[in-house]
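# My questions are about this predicted structure, shown below with the sequence.
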Amino acid sequence: MTIGLVILTRNEIEGCRAIIPRIPRAAVDEIFAVDGGSTDGTVAYLEAQGIPVVAQGEEKGRGAAFRIAFRRTRADALICFSPDGNEEPDDIPRFRPLLEAGNDIVIASRMMKGARNEEDAQRLRWRKWANLAFGWCANRFFNRGPFVTDTINGFRAIRVPVFNTLQPDGPGYTIEYQTSIRAMKRGLKIAEFPTHEHPRIGGESMAKSIPTGVIFLRLLWRELRRR
């Protein structure tokens, strides 16, 4: 099995400088980036590191970046990675054995035993609680297999034929949630391993809590209607 790594960027120069040198390139067979229109030198930095960059062009948002990446890859499965500091590059080799064991989707979970969420040190963990609530809904309404603890995290690997079969059309940050839901509907094999989520490096998150939550609710309702 060949496994690719796609780096998803938009104005992540600070994170790239800190994270890209730590990526274990020998753990994957292909590496490239999809960039959503960076203006801070991210593209030039990646290319200087020998990483090909695909521009999103007129297709905007994270959902479009996923779809572009899965059209572009030549690998059998693709790991999606954001170099913003949240995701642990040392975890990249952990995807291969779970994919080779026959799993269709592998998720680095911030919620399962042994994992750490960025908000765990805080008293009020609004983002974590919202993620858990959306995850509970997905498991309650769609899942026929083992409980999936982190249905939303974007640090995941998906077999390319599976992604094409699921045909996810969700906008923005709903793309991961939608692939989890549609995989559950089809009874596909989803595996998880615990990861540690670190503080963001530089820049600002593109996902604003309340507007993003509303979009997630709309997607959940749409998937319920298509059940």
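Arrived safely.
# ok, the most centrally placed residue in the chain to residue 178 distance?
The centroid of the chain falls nearest to residue 154 when counting by C-alpha atoms, centre = their mean (1.7 Å). Using C-beta to C-beta, to the nearest Å, residue 154 is found at 12 Å from residue 178. The way it works is simple: take the backbone N, C-alpha and C, and place the C-beta from them, glycine included.
# Same check on residue 77?
Distance of residue 77 to residue 178, computed by C-beta to C-beta: 18 Å.
# ditto for residue 116
From residue 116 to residue 178 the distance is 25 Å (C-beta to C-beta).
# So which of these two has more stuff around it?
Neighbours were counted for residue 116 and for residue 178 using other C-beta atoms under 10 Å; residue 178 has more, 24 against 15.
# who's in contact with the residue nearest to the more buried one when sequence neighbours are not counted?
Distances taken as C-beta to C-beta, 6 or more residues apart in numbering place residue 170 nearest to residue 178, at 3.8 Å, with adjacent residues excluded. Neighbouring residues of residue 170 by C-beta atoms under 8 Å, 6 or more residues apart in numbering: 63, 177, 178, 219.
# residues contacting residue 88?
The contact partners of residue 88, taken as C-beta under 8 Å, 6+ apart, are 108, 195, 196, 197, 198.
# again, only using 10 Å
Contact analysis of residue 88 by C-beta atoms under 10 Å, 6 or more residues apart in numbering lists 19, 22, 81, 94, 108, 116, 155, 195, 196, 197, 198.
# Could you list which of those belong to strands?
Under the assignment DSSP state E, these contribute 81, 108 to strands.
# Buried only: go through the contacts of residue 88 for me.
19, 81, 94, 108, 155, 195, 196, 197 (16 or more other C-beta atoms under 10 Å).
# Next, give me the two most distant ones among those.
With distances taken as C-beta to C-beta, the most widely separated pair in the buried ones among the contacts of residue 88 is 19 and 94, at 16.5 Å.
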